[in-house]
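Asks: Quick check, what structure comes out for this input:
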Amino acid sequence: MPKVIGIGAINIDFKISNERNQNNNFERIEVLGVHASDVEEKLNEAIYSGKQVRASLGGAALWTIKTLGLIDPSIQYSYVGVYGKDRKFEKLVGYIEEEMSLTRSKLRDEHFFFTDEGAPGRGVDDVSQNRLEICPYVNDMLAEKIREKEEQLKTDQNTEPFINYLAEAQWIHFSSLCRIEDFESILYQIEKAKEKNPELKLSVDIGYDYTVKQSLEFHTRIFKTADVIVLTQKEAENIACNRRHLKQTKELLDWVEFTKEFRGYLDALGATGDKAVYIMNNITHYGVISYGSHSFSHEYDVLYPLDEKAQDARGSGSTFTAAIIANHFKPETHNSVDCIKFAAYMAIIRKKSGAAFISELGRAVGEYRQKDGEVDHLHIVEDPIRSIFFSFSSRDCKISDKLYELLIDLGLKETDIFYSNNPDEIAPATSFVKEIKEEISSKPLFLVLNSENYKNSQMCIIELGAAWIVGSKIFPLLSPVLPGYKPLPTIISEINGCDLYVESRVLWLVNSLRKFVGYPSLGDKLDEIDALSKLRIEKFASENKL
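Replies: Prediction:
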């Protein structure tokens, strides 16, 4: 049976209810080593002011190996970490002892699993700021606890009990600790274990804080030791900035340009062997750069299988990592494409299922395996081109922005629609004309917000002409609030036009686009759709009436 060891923090994570981050940016920034007084003050204020506070067991490596056990029950796993017993806050918001007991009952052994009378590590999840502030508490004792246990276990025949313990595993997953000294100490022991067992694999979840603050030497060491590294794109950019391969920016770089630059960074490190870096872009894209062998560099666009937008990304990255590890132990499915498809699907299930995660994940694994990896409602493509092109004049963006928002609210994805007014659509230093040409050449369904401004725009007319030449289906959109709105000539479009001020026609447009992309209809009549969707359509139509 495969044996996996997780190493990392054990936290009690507190999520304080507050307004959701409106830009749907799920790049949660981890801030390690927050002072205990700051965490205590924040929790006290939240609890005693009557805010809803939810506590759960946390820690990236712990999440990963727990999920690994759910994905593949045949895998035996252990954990190296410190769990505190002082429950001052979690007793006020919900007991987690049962969850911890269940977790411990699944461990193969507890040789280096420690408990302490001190306070457990605590994480305060500030949703509005997308920050997870970590206070280490007893987690800072991990390296010391390992040394103490080693002294107890040492014999003449076993002078390095912890290293030998690690060397017995097939895989180790290691996530960041608050004390960099502890992380480096344990990483050294993992390196020694890999020398004893050349087949031992190491995956590392570096975490945001380590990508910002640590040195080039530290990052080089990780990339040379680890076999698999999991990063968000922003974390990867932070690391590359340390070697001046990338200029620091607040916005994510264009994926193609980023992968090119990042692989240059990896080359400069001199990493050898068949290694892989899995990079997540805001939890909607999963990219792989295989280096050493330099086999490929692709982006996989993951379209959510459900219509609702994701509400919380907690645990998605750890679930993705767990699925990557699980695939390693199934050689018949372990290739680059199948591996990332399966991992992305597991991450989606984690994100969508919320509290029903365990039951939903078990069902999803069975469904995926039964269909040999071909899941009907999971669509993954390499270097995707959008199915719908929204053409409009910049002078009419007051209407076009509202229509775009409506389409997204009613289940279409940003990855379905090319809309140049979306600030994330065209990356800096990217050729606007080249991007437009590539999108239209794929023969997308072509939306035209027709108006006097549109007809007077040279760029709009070029876009329309190009769409007509490639044979795109053209949908004219008509709004009386725009001057000069009229149907297009029949030689351009067989469709007379969609009146945006008529609720039934707006519903027809939404359903037509959903059908074109491959999503089910919302319903043929307004009375057949859910109340919130109906309200959104009625509000949009009323704003397009004179």
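
Asks: Confirm that residue 78 sits in a strand.
Replies: Yes - under DSSP: H, G, I helix; E, B strand; the rest coil, residue 78 sits within a strand.

Asks: from now on call the first residue 375
Replies: From this message on, residue numbering opens at 375, which makes the last subject residue 452.

Asks: Could you pull up the contacting residues of it?
Replies: By CB atoms under 8 Å, 6 or more residues apart in numbering, residue 452 lies in contact with 377-380, 481-487, 543. All C-beta atoms are positioned from the backbone trio N, CA, C, and that covers glycine.

Asks: and the gap between it and residue 600?
Replies: 19 Å (CB to CB, to the nearest Å).

Asks: same thing with residue 879?
Replies: Taking CB to CB, one finds residue 879 at 55 Å from residue 600.

Asks: Closest one of the contacts of residue 452 to residue 438?
Replies: residue 380 (6.2 Å; CB to CB).

Asks: Domains in this protein, by residue range?
Replies: Here the domain parsing of the chain from automatic domain parsing is 375-579, 760-917.

Asks: Identify whichever of those domains lies nearest to residue 690.
Replies: By CB to CB (comparing all of the domains of the chain), the closest turns out to be domain 375-579, at 7.8 Å.

Asks: Run the chain-centre distance for that closest one.
Replies: 20 Å (CA atoms, centre = their mean, to the nearest Å).

Asks: Give the rounded mean pLDDT of that domain.
Replies: The pLDDT scores in domain 375-579 average 85.

Asks: On the three-state scheme, residue 850 is what?
Replies: Looking at residue 850 with three-state DSSP, the answer is strand.

Asks: pretty sure it contacts residue 820?
Replies: No - assessed by CB atoms under 8 Å, residue 850 is found out of contact with residue 820, at 9.6 Å.

Asks: how close does residue 776 sit to residue 386?
Replies: From residue 776 across to residue 386, the span is 43 Å (CB to CB).

Asks: between residue 879 and residue 600, who's got more neighbours?
Replies: residue 600 (24 against 17; other CB atoms under 10 Å).

Asks: who does the strand or helix carrying residue 456 pair up with?
Replies: According to DSSP states H and E, residue 456 maps onto strand 450-458. When pairs are called by DSSP bridges, strand 450-458 turns out to pair with strand 377-381 (parallel), strand 487-490 (parallel).

Asks: looking at the ones you listed, which is buried most?
Replies: A comparison of these by mean neighbour count, using mean count of other CB atoms under 10 Å, puts strand 377-381 on top with a mean of 25.

Asks: Now that one - C-alpha only, CSV.
Replies: C-alpha atoms of strand 377-381 as CSV (Å, rounded to 0.1, in the frame of the first residue of the first chain):
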residue,chain,number,x,y,z
LYS,A,377,2.5,5.5,2.1
VAL,A,378,2.3,9.3,2.1
ILE,A,379,3.4,11.7,4.9
GLY,A,380,2.1,15.2,5.2
ILE,A,381,4.2,17.8,7.1
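
Asks: how big is the angle separating the helix or strand following that strand from strand 450-458?
Replies: Per DSSP H and E, the first helix or strand lying C-terminal to strand 377-381 is strand 385-390. Counting by axes from the mean of the first three to the mean of the last three CA atoms, to 10 degrees, strand 385-390 points 70 degrees away from the direction of strand 450-458.

Asks: Run through who's touching strand 385-390.
Replies: So strand 385-390 is contacted by 416-417, 420, 425-433, 463-464, 467, 470, 494-501, 506, 508, 513, 688 (CB under 8 Å, 6+ apart).

Asks: got it, and stretch 893-904?
Replies: Residues contacting stretch 893-904 (CB under 8 Å, 6+ apart): 681, 784-786, 877-878, 881, 884-885, 888-889, 907-908, 911-912.

Asks: buried subset of those?
Replies: 784-786, 877, 881, 884-885, 888, 907-908, 911 (16 or more other CB atoms under 10 Å).

Asks: who does the nearest residue to residue 519 once chain neighbours are set aside bridge with?
Replies: Using CB to CB, 6 or more residues apart in numbering and skipping the chain neighbours, the partner closest in space to residue 519 is residue 488 (4.5 Å). Beta bridges link residue 488 to residue 456, judged by DSSP bridges.

Asks: what does residue 545 give?
Replies: residue 378, residue 575.

Asks: Same question for residue 388.
Replies: Here residue 388 sits in beta bridges with residue 429, residue 498, going by DSSP bridges.

Asks: give me the number of residues near it?
Replies: Neighbours of residue 388 (other CB under 10 Å): 25.

Asks: Also residue 460?
Replies: 13.

Asks: now the spatially most distant residue from the centre of the chain: how far from residue 522?
Replies: Using CA atoms, centre = their mean, the residue of the chain lying farthest from its centre is residue 530. It sits 47.6 Å away. Plainly put, residue 530 is 20 Å away from residue 522 if you go by CB to CB.
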